[in-house]
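J.: coordinates only, no sequence provided:
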């Protein structure tokens, strides 16, 4: 796992204490379950010592596998759970997965640290009453770029428009079909969640036309390509760019003036999870205030955990790349799951873009 910033291990274990049969943060670990948990997560999306700390307090060994995007996660579990206990889908895929009967309902009594979540995140249109998901991190997608190589940019035209011609061969897109098509829609003045076939086709045509300027379509590692100098511009998640910026101030992040979208990654238990009690205990552990603080400062995405945010350092709490100002938030749309037909259409059109 690639990380750019390294925070020292926090000494919170002694302060929290351990009670037999419970995790560090109060979530019950069932003695009848084997001390294992299988975690399916994004790359660079867990604290440096989080899994070891959970094992120290609960005795549960966590095995973590990585996926590159939501489509890969969905495809992996669509035909049946291969053995995962906790997964981290984005909000629109949470909605898509529970409608497809791919998620287990959560037992809120086993997740008392839900109280730490900010009120604005305690309910969600994509999961009313938080029946199937707990919020993990939230953020935006925009453009990361190397300032010494690229003049200041503020438009999607730099990555799929006329401006991109001057950066040919130095651009990375991200392999996120819904995100890419949605942001192309926004760049043309349409809604990120448009269901209008003509508008969607126009966005696909825009991406297809300027794909010639793209060096690579990255599997969630645009920050690595920026760091190595393989590209100078990358469509990426704000947190991944924030991680890189902490080591390389030449890297900048911008939400284009046309707007973008905001997302919310969530902790869910997939259907037929082999260790559901351990899964609840692990989710509860991640929602602990001090654990959440360490996660937030290490990952550098925006935390929905208000108790954790109050403990974070000022450079994190007041970073506009992590917590955008209100005028920028006003230009953002949430990503929504609208229908299986639209999702299938986007995936089919994305395949056409890749082969063009």
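T.: That came through, no problem. Worth saying up front: this structure is predicted, and the values here are computed from it rather than measured.
J.: and residue 189, which of the three is it?
T.: Recorded secondary structure, residue 189: coil (DSSP: H, G, I helix; E, B strand; the rest coil).
J.: likewise residue 109?
T.: helix.
J.: since we're on it, how many residues are nearby?
T.: 9 (other C-beta atoms under 10 Å). Where C-beta positions appear, they are placed from N, C-alpha and C, glycine not excepted.
J.: so residue 148, which of the three states?
T.: Taking three-state DSSP, the label given to residue 148 is coil.
J.: distance check, the nearest residue to it once chain neighbours are set aside against residue 197.
T.: Once flanking residues are discounted, residue 148 sits nearest to residue 250: 5.3 Å by C-beta to C-beta, 6 or more residues apart in numbering. Residue 250 is 42 Å from residue 197, where distance means C-beta to C-beta, to the nearest Å.
J.: show me where the stretch 251-356 of the chain has strands.
T.: Under the criterion DSSP state E, counting those that start in this stretch, strands of the stretch 251-356 of the chain are mapped to 251-254, 260-267, 332-334.
J.: what would those strands look like in TSV with distance to residue 320 and mean neighbour count?
T.: Shown next, in TSV, are the strands of the stretch 251-356 of the chain (distance: least, C-beta to C-beta, whole Å; neighbours: other C-beta atoms under 10 Å):
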stretch	distance to residue 320	mean neighbour count
strand 251-254	9	20
strand 260-267	14	24
strand 332-334	13	17
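J.: between these, which gets nearest to residue 182?
T.: strand 260-267 (6.1 Å; C-beta to C-beta).
J.: give the buried residues for stretch 328-348.
T.: 328, 331, 332, 334, 335, 336, 337, 342, 343, 345, 346 (16 or more other C-beta atoms under 10 Å).
J.: ugh, wrong one, I meant stretch 315-326
T.: Result for stretch 315-326 [16+ other C-beta under 10 Å]: buried residues 316, 317, 319, 321, 322, 323, 324.
J.: point out the least confident one among the residues you listed.
T.: Least confident of these in the model: residue 321, at 84.
J.: not counting its neighbours along the chain, what's nearest it?
T.: Residue 321's closest residue in space is residue 253 (C-beta to C-beta, 6+ apart), at 4.8 Å.
J.: my guess is the one you found meets residue 244, correct?
T.: No: in this structure residue 253 lies outside contact range of residue 244 using C-beta atoms under 8 Å: 9.1 Å.
J.: residue contacts, the residue nearest to residue 321?
T.: Contact analysis of residue 253 by C-beta atoms under 8 Å, 6 or more residues apart in numbering lists 142, 143, 144, 238, 241, 242, 245, 321.
J.: can you flag which of these belong to strands?
T.: 142, 143, 144 (DSSP state E).
J.: highest neighbour count among the residues you listed?
T.: Top of the ones in strands among the contacts of residue 253 by neighbour count (other C-beta under 10 Å): residue 144, with 27 neighbours.
J.: surely that one touches residue 234?
T.: Yes: between residue 144 and residue 234 there is a contact at 4.9 Å, judged by C-beta under 8 Å.
J.: which residues are common contacts for these two?
T.: 222, 223, 226, 241.
J.: distance of the residue sitting nearest the centre point of the chain from residue 235?
T.: Centroid-nearest residue in the chain: residue 265, 4.8 Å away (criterion: C-alpha atoms, centre = their mean). Shown here: residue 265 relative to residue 235, a distance of 17 Å by C-beta to C-beta.
J.: that older thread, what sits against the residue nearest to residue 148?
T.: 146, 147, 148.
J.: next, format these as a markdown table and append pLDDT, neighbour count and distance to residue 185.
T.: Output for these, formatted as a markdown table (pLDDT from 0 to 100; neighbours: other C-beta atoms under 10 Å; distance: C-beta to C-beta, whole Å):
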| residue | pLDDT | neighbour count | distance to residue 185 |
| --- | --- | --- | --- |
| 146 | 97 | 19 | 27 |
| 147 | 96 | 13 | 28 |
| 148 | 96 | 8 | 32 |
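J.: nearest to residue 310 among these?
T.: residue 147 (32.4 Å).
J.: how about low-confidence regions in the protein?
T.: Where the chain drops to pLDDT under 70, the residues are 1-31.
J.: any idea how it splits into domains?
T.: Domain segmentation of the chain under automatic domain parsing yields 13-138+263-317, 139-262+325-355.
J.: hmm, back to that, out of the strands of the stretch 251-356 of the chain, flag the one nearest residue 184.
T.: strand 260-267 (11.2 Å).
J.: just checking, what packs against that closest one?
T.: The contact analysis (3 or more C-beta pairs under 8 Å, 6 or more residues apart in numbering; DSSP states H and E) places strand 260-267 against helix 91-99, strand 134-146, helix 177-187, strand 332-334.
J.: tell me who's in contact with residue 136.
T.: 88, 264, 265, 266, 267, 286, 304.
J.: which two of the residues you listed have the greatest separation?
T.: 264 and 286 (14.6 Å).
J.: and the residue lying closest to residue 183 once chain neighbours are set aside, what is it in contact with?
T.: With C-beta to C-beta, 6+ apart as the criterion, residue 183 has its nearest non-adjacent residue at 6.0 Å, and that residue is residue 260. With contact taken as C-beta under 8 Å, 6+ apart, residue 260 is in contact with 140, 141, 142, 183, 186, 192, 331, 332, 333.
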